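Chemist: this is a predicted model, with the sequence first.
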Amino acid sequence: MDEALLAQLTSSQRKAVSHRDGPLLVLAGPGSGKTRVITCRIAALVDSGVRPYNICAITFTNKAAEEMRQRAAALGPSGGAHISTFHSLCVRILRRYAEAAGIHSNFSIYDSADQSKCVKQAVKDCGLDGTNFPPARMLDAISTLKNKLIDAEAFQERAEDFFSRTLSQVYTRYQQILAERNGLDFDDLLMKVAFLLETDSAVCGELSNRFKFLLIDEYQDTNHAQYRLAKALALPHGNICATGDPDQSIYRWRGADIRNILAFEKDWPEAVVVKLEENFRSTAAILRAADSLIARNTNRKQKALVAVRTDEGKVCVEGHEDEAAEADAVARQVDALLSQKVPAGQIAVFYRVNAMSRALEEAFVRRRVPYQVVRGVEFYNRKEIRDLLAYLKVLANPADEVALLRIINTPTRGIGKVTVDRVKAFAVSHGLTLSQALARADQVPEVSGAARTKLMAFSCLLDKLRRDIVGPVAPLAERVFRESGLEQSFKGTGQDGQDALENISELINAAAAYDQQTTEPSLLDYLQQIALFSDTDAYEATSERAALMTLHAAKGLEFDHVFIIGLEDGLLPHERGNGDGDELEEERRLFFVGVTRARINLYLSYARYRTVRGQFLRTVASPFLFELGLDSITQKDEEPEDDEDAFGGYGRRPRLASRPVPAKQAEPEFAPGQLVRHKTFGLGRVRKYADMGANSVVTIQFNTGQTKSLLLQYAHLTRV
DNA sequence: AAAACATACATTTTT
DNA sequence: TGTATGTTTT
């Protein structure tokens, strides 16, 4: 390994890099050069005689994996090291050991849209009402169970109350449906591999022998399944290196368990722990604020933020009248920065919820400030892309019913709902897959002659497409697009069709890139890879546009100038959920992540009124603002309320001027008939409302049966 | 099959 | 208030 490079590292970085055997925990604060340490560590391992082939580095996003691959490659001969996400690793393992895992290797990967179709089906099959058992809730619950490695059988045994028993039924049926279709959802990928490793010692032995050194990045975001999987893999040799920052754990809601990193030393008693506390990213003012903020969390490991930079930077807070004024002020300040020759790519605006981008976009457009909204979905969710992929999926896995149903009448070929239902029923009664039933459509008595012909024609089309599906994917995709009739259906449909064609050609280009990069391209492999990709992977800071994104999307990025908007109680921290202490701490970490993205300047703002779901509401400043240890805030917050002079001045939209004076807003809020929630009495309906100003009395009939008259100012009611 | 209409629902989001 | 989805109509 390069001596000069080693010399550049701080002593703690060097310690982490040069540690060789046994468990290692790297607690890396923001801006501490963590990625560099990991990549250097890979190089150092190779240097000490470890074959790259025996190294496995796991990240959370494809983007992070790609970046790590490149940086590792730049340092030396690390080619051959396995660097990928947990999910990609699992797909590979499941393909290799399909039989041991009890699945077929040509499984489809079901994304959330596919999942929700299957859950709906499962709910229906269990004879349940979709309104009492919303599929989305069920899916969420199932996902949580899978993340905890509780499979359908295990859950059935422990399900006791009514809801759990119902859920258990749905869960069981859902797994059956997936199995029938040879599909695995994202959680299954992890769960199957974790179980495989824990139950099959031969497979586990082989894999841990292959991956002699395990590195896991963002360990604070591992869920229980990932934790168990990693542990099983590393148990034979103990060469596990976990890196992460408990203070940046912001994915509890999707199963991340911060205890994994907090208890690492319990799991691996000989673990060496290295703290990376120097921060090379931010100016001292920002780090002081961040430190003061995060120190309020109790559930964490004490870790300092030591500024390395010595240049000047600032943290400022500004209050605005409403979200439009706030957005306008941000756009104006961004514009000012741009005119000072700050590259637009060095500016970012963060917010708590996606919906907040609207006001910002309007303001940026109005002021002609170039921006881009960084979002997570888009490309692979487009209709035309999903359509073409559905064709390919059916070719690779004929049992994939979700995909088959998608294309059976796309483009329209006169196969309607009724016909499909009849074929489905035929399939069920004869124990066939839908695809098999389709091939025997002429034997379905209920289907009319015309429909029968169309079904047979479609079945023949699939057979024809399936004839030649080996080798490179791009030509295949092109052929399918043409011969399926999809191409024809987009032609002559104006601008939308044109866009669709362009998207398809982008997909085909991507497939061609895959063909080139892969030694043995195959449709199956391609589909399984693509399912694990998202659009955030495509985001690259361009120098021409300021970036607008949620705080969650900001993780891992850094900018010279960072704006965080909406610092209001209920928004940041967000009020949703049970609001327990853990949740508040996570919100604080989220804010901490946002704050520590800034290199030079941090601009915080809040609005005194905000329109939430069409209602213009008074806000309260976020408690987090007071935890930053700044001295200017209190003064700012005491700006005069309801100051009429605050109106006007920044090209506000006219409707604002005619809004009612906010003091009146309490009046209609609890009109008779209004559903309300009380802290101790629960849900109820307002029967009577006596307006006596501050002493207004509301009479409420609660769901518990009792009726109460309460003083409005003490009742703390929320509208439902 | 498309358009019009109605209804439910509204953090965060990767894989 | 806005959207996404489902249902009914033409």
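Modeler: Cool, the structure landed. Note that the structure is a prediction, hence the values are computed from the model and not measured.
Chemist: okay, and for the stretch 401-550 of chain A, where does confidence drop off?
Modeler: The stretch 401-550 of chain A contains residues with pLDDT under 70 at A:492-496, A:534-543.
Chemist: where along it do the helices fall?
Modeler: Per DSSP state H, counting those that start in this stretch, the stretch 401-550 of chain A carries helices over the ranges A:401-407, A:417-429, A:434-439, A:449-466, A:473-483, A:486-490, A:494-517, A:523-530.
Chemist: okay, those, which one's buried deepest?
Modeler: By mean neighbour count, with neighbours taken as mean count of other CB atoms under 10 Å, helix A:401-407 ranks first of these at a mean of 23. Where C-beta positions appear, they are placed from N, C-alpha and C, glycine not excepted.
Chemist: quick one: distance of that one to the chain centre.
Modeler: Centroid displacement of helix A:401-407 relative to its chain, using CA atoms, centre = their mean, to the nearest Å, is 25 Å.
Chemist: point me to the residue of the stretch 1-150 of chain A nearest DNA strand B.
Modeler: residue A:87 (2.5 Å; CB to the nearest atom of the strand).
Chemist: I'd assumed that residue was in a helix, is it?
Modeler: Yes. Assessed with DSSP: H, G, I helix; E, B strand; the rest coil, residue A:87 lies in a helix.
Chemist: okay but it is in contact with residue A:532, surely?
Modeler: Yes. The pair residue A:87 / residue A:532 is scored as a contact, 5.1 Å apart, by CB atoms under 8 Å.
Chemist: for the residue of the stretch 1-150 of chain A closest to DNA strand B, give its distance to DNA strand C.
Modeler: The gap separating residue A:87 from DNA strand C is 23 Å, by CB to the nearest atom of the strand, to the nearest Å.
Chemist: what sits against that residue?
Modeler: Residue A:87 makes contacts with A:186, A:189, A:190, A:532, as judged by CB atoms under 8 Å, 6 or more residues apart in numbering.
Chemist: ok so the third one is a helix residue?
Modeler: Yes. Under three-state DSSP, residue A:190 sits within a helix.
Chemist: show me what contacts it?
Modeler: Residue A:190 touches A:86, A:87, A:90, A:146, A:147, A:223, A:225, A:226, A:229, counting by CB under 8 Å, 6+ apart.
Chemist: now the last one
Modeler: With CB under 8 Å, 6+ apart as the criterion, the residues that contact residue A:532 are A:62, A:85, A:87, A:88, A:91, A:109.
Chemist: could those go into TSV alongside distance to residue A:460 and pLDDT?
Modeler: Below are these laid out as TSV (distance: CB to CB, whole Å; pLDDT from 0 to 100):
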residue	distance to residue A:460	pLDDT
A:62	38	86
A:85	39	94
A:87	36	94
A:88	36	94
A:91	32	95
A:109	28	91
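Chemist: for DNA strand C, state which of these is nearest.
Modeler: Closest approach between the contacts of residue A:532 and DNA strand C, by CB to the nearest atom of the strand: residue A:109, at 19.1 Å.
Chemist: how about the closest one: what's its closest non-neighbour residue?
Modeler: Nearest non-adjacent residue to residue A:109, counting by CB to CB, 6 or more residues apart in numbering: residue A:531, 3.7 Å away.
Chemist: now do the contacts for that neighbour.
Modeler: Applying CB under 8 Å, 6+ apart to residue A:531 gives the contacts A:108, A:109, A:111.
Chemist: quick check: phi and psi on residue A:183?
Modeler: In terms of degrees, to the nearest 10, the main-chain angles of residue A:183 are phi -120, psi 150.
Chemist: that one and DNA strand C, how far apart?
Modeler: The gap separating residue A:183 from DNA strand C is 19 Å, by CB to the nearest atom of the strand.
Chemist: one more: residue A:335?
Modeler: Residue A:335 is 25 Å from DNA strand C, where distance means CB to the nearest atom of the strand.
Chemist: show the pLDDT at residue A:133.
Modeler: You'll see residue A:133 listed with a pLDDT of 78.
Chemist: state the number of residues packed around the residue of chain A found nearest DNA strand C.
Modeler: Nearest residue of chain A to DNA strand C, counting by CB to the nearest atom of the strand: residue A:614, 2.4 Å away. Residue A:614: 5 surrounding residues under other CB atoms under 10 Å.
Chemist: kindly report the same for residue A:273.
Modeler: Using other CB under 10 Å, residue A:273 is surrounded by 14 other residues.
Chemist: show me which positions of whichever strand or helix holds it end up buried.
Modeler: Residue A:273 belongs to strand A:272-276 when assigned by DSSP states H and E. Neighbour counts over strand A:272-276 (16 or more other CB atoms under 10 Å) mark A:274, A:275, A:276 as buried.
Chemist: what comes into contact with that strand?
Modeler: Identification of contacts with strand A:272-276 by CB under 8 Å, 6+ apart yields A:10, A:12-13, A:15-16, A:19, A:22-29, A:32-34, A:37, A:264-265, A:303.
Chemist: drop anything exposed from the residues you listed.
Modeler: Neighbour counting with 16+ other CB under 10 Å marks A:10, A:12-13, A:15-16, A:19, A:23-29, A:32-34, A:37, A:264, A:303 as buried within the contacts of strand A:272-276.
Chemist: the residue in the stretch 201-350 of chain A that DNA strand B sits nearest to in helix, strand or coil?
Modeler: Going by CB to the nearest atom of the strand, DNA strand B is nearest to residue A:253 of the stretch 201-350 of chain A, at 3.8 Å. The local conformation at residue A:253, judged by three-state DSSP, is helix.
Chemist: same question, residue A:349
Modeler: Quick answer, by three-state DSSP: residue A:349 is strand.
Chemist: quick one, what contacts it?
Modeler: Residue A:349 neighbours (CB under 8 Å, 6+ apart): A:330, A:334, A:360, A:546, A:547, A:548, A:549, A:562, A:563, A:564, A:565.
Chemist: for the fourth one, grab the count of nearby residues.
Modeler: A count of nearby residues for residue A:546, using other CB under 10 Å, gives 27.
Chemist: circling back: any idea how far the residue nearest to residue A:109 is from residue A:31?
Modeler: From residue A:531 across to residue A:31, the span is 33 Å (CB to CB, to the nearest Å).
Chemist: out of everything not next to it in sequence, what's closest to residue A:32?
Modeler: With CB to CB, 6+ apart as the criterion, residue A:32 has its nearest non-adjacent residue at 3.7 Å, and that residue is residue A:276.
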